[in-house]
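1. compute the structure for the input listed below.
(one chain, ligands or ions: 1)
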Amino acid sequence: MKTNGFIIIIAVAILAYLFFEPITATGSYSKTTNIIPKPVSVENHDGFFVFKPSTRVIAEKDAKTEALKLIDALAPAMGYKLKLASKARPKARAIKLAIDSQISQLGDEGYILDVSAKQILIRARQPAGLFYGIQTLLQLLPASIFSKSEVNDIKWKLPCLKITDYPRFQWRGLLIDPARHFIPVNDVKKFLDGMAMHKFNRLQVHLTDNIGWRIEIKKYPNLTKLASNRDRSGGNGGFYSQEEIRELVRYAQQRHITIVPEIEMPYHAGAAINAYPYIGINPARVEGMPLDKRWAVLGGLAAPRPKTVGFMQDVLAEVIELFPSRFIHIGGDEANLKLWENDPEMQAQMKQLGCKDAHELHSWFIKQMDAFLTENNRRLLGWDEILQGGLAPGATVMSWRGIQGGITAARAGHDVVMAPTSHTYFDYRQAPAERGLSSNVINLEKVYSYEPLPPELSNEQARHVLGGQAQLWGELIPDQNRREYMAYPRACALIETLWSQKQLKNYENFITRLRHHLKRLQTMGINYRQLD
Ligand code: ACM
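-> Model prediction:
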């Protein structure tokens, strides 16, 4: 009896040795995870999961699409492409991805990542959760996993652990501005890659402004023929064809990012007015001018007459065909309303509509867009000036001039995205000696300290705060290198505010993780500002 027992123990030990990798290897691996944004919970266990070319990825149905993304993400650096299968071979190591409707408490973006020596299991209720689980998995590997060519001297393995994770906010956004300086399609794609690895899920694209119009609208060809061919540096500008827009939307969707188009009105509409003077104030005056003299006339402010409403709704009709985003941003900021107050036609228009001032005319115009978008099953999003003169019934407010606009809108039961100049204007400088659009300095620690929920709001009102967004306005951002420098690592700090649990935030701990994380950015070829 005793001898048999001893033999069984030895046999089990030998089998265990054959089936599992020895767990003594350490190398450059440590049990410290350096994940950004910090997950909700990490439980460390003993041992490692070791990748082999024979490792199978197991996924069914909806999980398959995400599994292929994992395989594609691992292949360049590992130098081999793992095989996808729908069933595991008994006893073989496998990475399993599964849609699991039972884990609904983690929401549509949450996931559980379970790593044991034999199996990696990622479970989520929706494909987005699996995608975020994959992003976390990649960050558990050495930074060189982000290399685009094979890395030979590394044994790829993951520490055994269990991570349970889900986002704090549903709107985790960044804004880019091809209107001021055009951004080529491939640069937008690379920017989306960087966002995806950080679990951002909204990219607002400022497609139109006084200086340029960057989206093809079939009904109004002069928008691209005339209004797209300049930029802030005196360059040729550019625009996205509808085909290119579809390609970008698809590329973003594959990364679970929604592109939110911004079509500016009534102000910041100078490029459109120059191409179609009949939407501007005093059209006769502009129409009589040569094209190159029209720029910047009448302050880029459209005139809210019915023909202008029709024009902008036509534009939005094509925009909603191209962009599946539920939210369509119509700008609404910074209008110099004196231009309407001083114009006889607009004075008559106010009188006819019963507007007591120009704010109410502004509000009337925005309400026409709100009604149109609502009819088409979309929601209007606008900068906080749309509160003046009365907020449109379906509007969501993006609060940029501080947080008061957001507080007012949330109290009135409207949804809100927080994007205040104080913490989220990434076109502002990172140190006093740098260039920036304002003299204000927004450094990494300032961004990290940001809290999107104002204490003034009750729990019920705070539910209207969908999340936050950082702005990379393009006036002083002529190229991708500069854009990345302004975005990183501040975006790493912002995402920790938007994804991670508030009580887990700690700046020193963030900086420790960031030092590792910057190696990932470097491997991906993303420019960033060095830490001070
Ligand atoms: C803005 O910065 N004008 C929204």
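2. contacts, neighbours, all on C-alpha from now
-> Will do.
3. my guess is residue 151 is in a strand, correct?
-> No - counting by DSSP: H, G, I helix; E, B strand; the rest coil, residue 151 falls outside a strand, being coil.
4. and the pLDDT for the nearest residue to it once chain neighbours are set aside?
-> Residue nearest to residue 151 in three dimensions, not counting chain neighbours: residue 77, with 5.2 Å by C-alpha to C-alpha, 6 or more residues apart in numbering. Turning to residue 77, the model gives it a pLDDT of 98.
5. thought residue 77 was touching residue 153?
-> No - assessed by C-alpha atoms under 8 Å, residue 77 is found out of contact with residue 153, at 10.6 Å.
6. comparing those two, which residue is more hemmed in?
-> Just comparing residue 77 and residue 153: by other C-alpha atoms under 10 Å the higher neighbour count belongs to residue 77, 20 against 6.
7. following the one helix or strand that one maps to, which helix or strand comes up?
-> Assigned by DSSP states H and E, residue 77 falls within helix 62-78. Downstream of helix 62-78, the next assigned helix or strand under DSSP H and E is strand 83-85.
8. secondary structure element holding residue 192?
-> Counting by DSSP H and E, the element that carries residue 192 is helix 185-197.
9. residues contacting the residue of the stretch 151-300 of the chain found nearest the ligand?
-> Per C-alpha to the nearest ligand atom, residue 268 is where the stretch 151-300 of the chain lies closest to the ligand, at 9.1 Å. By C-alpha atoms under 8 Å, 6 or more residues apart in numbering, the contact list for residue 268 reads 208, 209, 210, 300, 301, 335.
10. with residue 477 instead?
-> Contacts for residue 477 (C-alpha under 8 Å, 6+ apart) come out as 181, 427, 483.
11. quick check: the residue of the stretch 1-150 of the chain nearest the ligand.
-> As assessed by C-alpha to the nearest ligand atom, the ligand sits closest to residue 37 within the stretch 1-150 of the chain, at 26.4 Å.
12. what helix or strand is the residue lying closest to that residue once chain neighbours are set aside on?
-> Excluding its sequence neighbours, the residue lying closest to residue 37 (C-alpha to C-alpha, 6+ apart) is residue 496, at 4.7 Å. Using DSSP H and E, the secondary-structure element containing residue 496 is helix 490-499.
13. for that helix, the distance to its chain's centre please.
-> 11 Å (C-alpha atoms, centre = their mean, to the nearest Å).
14. orientation of it relative to helix 185-197 in degrees?
-> Helix 490-499 and helix 185-197 are oriented at 50 degrees to each other (axes from the mean of the first three to the mean of the last three C-alpha atoms, to 10 degrees).
15. quick check: closest non-adjacent residue to residue 425.
-> residue 471 (4.9 Å).
16. just to revisit the earlier point, next one, pLDDT for the residue nearest to residue 37 please.
-> Confidence at residue 496, expressed as pLDDT, is 98.
17. for it, give its distance to residue 49.
-> Separation of residue 496 from residue 49 (C-alpha to C-alpha, to the nearest Å): 27 Å.
18. so those two - more neighbours on which side?
-> residue 496 (27 against 23).
19. the more buried one contacts residue 505, correct?
-> Yes - in this structure, residue 496 is within contact of residue 505 by C-alpha under 8 Å, at 7.5 Å.
20. can I assume residue 382 sits in a strand?
-> Yes - under three-state DSSP, residue 382 falls within a strand.
21. beta partners for it?
-> Legend: beta-bridge partners of residue 382 under DSSP bridges are residue 397.
22. got the contact list for it?
-> Counting by C-alpha under 8 Å, 6+ apart, residue 382 touches 329, 330, 331, 332, 333, 395, 396, 397, 398.
23. kindly report the same for residue 54.
-> 82, 83.
24. same thing with residue 168?
-> 498, 499, 500, 501.
25. quick check: closest non-adjacent residue to the second one.
-> Leaving aside its chain neighbours, residue 499 sits nearest to residue 167 (4.3 Å; criterion: C-alpha to C-alpha, 6+ apart).
26. what about the one you found, how many residues nearby?
-> Residue 167: 26 surrounding residues under other C-alpha under 10 Å.
27. close to the ligand: what parts of the chain are there?
-> Selection of the chain residues close to the ligand by C-alpha under 6 Å from any ligand atom yields 333, 383, 400.
28. with pLDDT added, can I get these in JSON lines?
-> Compiled in JSON lines, the residues of the chain next to the ligand are given as follows (pLDDT from 0 to 100):
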{"residue": "333", "pLDDT": "98"}
{"residue": "383", "pLDDT": "98"}
{"residue": "400", "pLDDT": "98"}
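29. low-confidence stretches in the stretch 301-450 of the chain?
-> The model of the stretch 301-450 of the chain has no residue with pLDDT under 70.
30. where do the strands sit along it?
-> Taking DSSP state E, counting those that start in this stretch as the criterion, the stretch 301-450 of the chain carries its strands at 327-331, 379-383, 396-399, 416-418.
31. report all helices and strands that the helix or strand containing residue 250 contacts.
-> Element membership of residue 250, judged by DSSP H and E, is helix 242-254. Under the contact criterion of 3 or more C-alpha pairs under 8 Å, 6 or more residues apart in numbering; DSSP states H and E, helix 242-254 touches helix 185-197, strand 258-265, helix 306-322.
32. and these, which is most packed in?
-> The highest mean neighbour count among the helices and strands packed on helix 242-254, using mean count of other C-alpha atoms under 10 Å, belongs to strand 258-265: a mean of 25.
33. got the angle for that one vs helix 242-254?
-> Strand 258-265 runs at 140 degrees relative to helix 242-254, counting by the same axes, to 10 degrees.
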